[in-house]
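1. What follows is a protein structure lacking sequence information:
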């Protein structure tokens with residue numbers, strides 16, 4: 001029973017790791033360039049810092065945000 005509870009807590013914390021990780025990758029990619037992958041992901045790679053891989057990381061960060069919204073909502077309500 002204790003192992004199950006610890007595993008469940010670890011899974012809950014692991015769901016919170018994706019959003020900051022992807023946001024950090026988006027920031028690094030946007031500020032330092034995406035390297036050779038930018039050529040594959042974007043036709044006009046000099047148009048905006050948020051293109052190609054940086055935009056993909058930003059979108060992935062947004063799609064993984066619901067656990068953060070739930071956590072913050074629970075803390076504000078309860």
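-> Looks like it came in fine. The structure displayed is predicted, hence computed values, not measured ones.

2. In the strand or helix carrying residue 68, which residues are buried?
-> Using DSSP states H and E, residue 68 maps to helix 66-77. Under the neighbour-count criterion of 16 or more other CB atoms under 10 Å, helix 66-77 has residue 67 buried. For glycine as for every other residue, the C-beta is placed from the backbone atoms N, C-alpha and C.

3. Give me the contact list for that helix.
-> 12, 15, 16, 19 (CB atoms under 8 Å, 6 or more residues apart in numbering).

4. Kindly state the pLDDT recorded for the residue lying closest to residue 64 once chain neighbours are set aside?
-> Nearest residue to residue 64 in three dimensions, chain neighbours excluded: residue 18, at 3.8 Å (CB to CB, 6 or more residues apart in numbering). pLDDT recorded at residue 18 is 91.

5. Residue 77 now?
-> On the pLDDT scale, residue 77 gets 85.

6. where's it relative to residue 71, distance?
-> Distance of residue 77 to residue 71, computed by CB to CB, to the nearest Å: 11 Å.

7. Go ahead and confirm residue 18 touches residue 57.
-> No: Residue 18 is beyond contact range of residue 57, at 10.8 Å (criterion: CB atoms under 8 Å).

8. related to what we said a few turns ago, which of the contacts of helix 66-77 are buried?
-> By 16+ other CB under 10 Å, the contacts of helix 66-77 give residue 19 as buried.

9. Could you dump the contacts of helix 66-77 into a markdown table and include secondary structure?
-> Listed next are the contacts of helix 66-77 as a markdown table, based on DSSP: H, G, I helix; E, B strand; the rest coil:
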| residue | secondary structure |
| --- | --- |
| 12 | helix |
| 15 | helix |
| 16 | coil |
| 19 | helix |
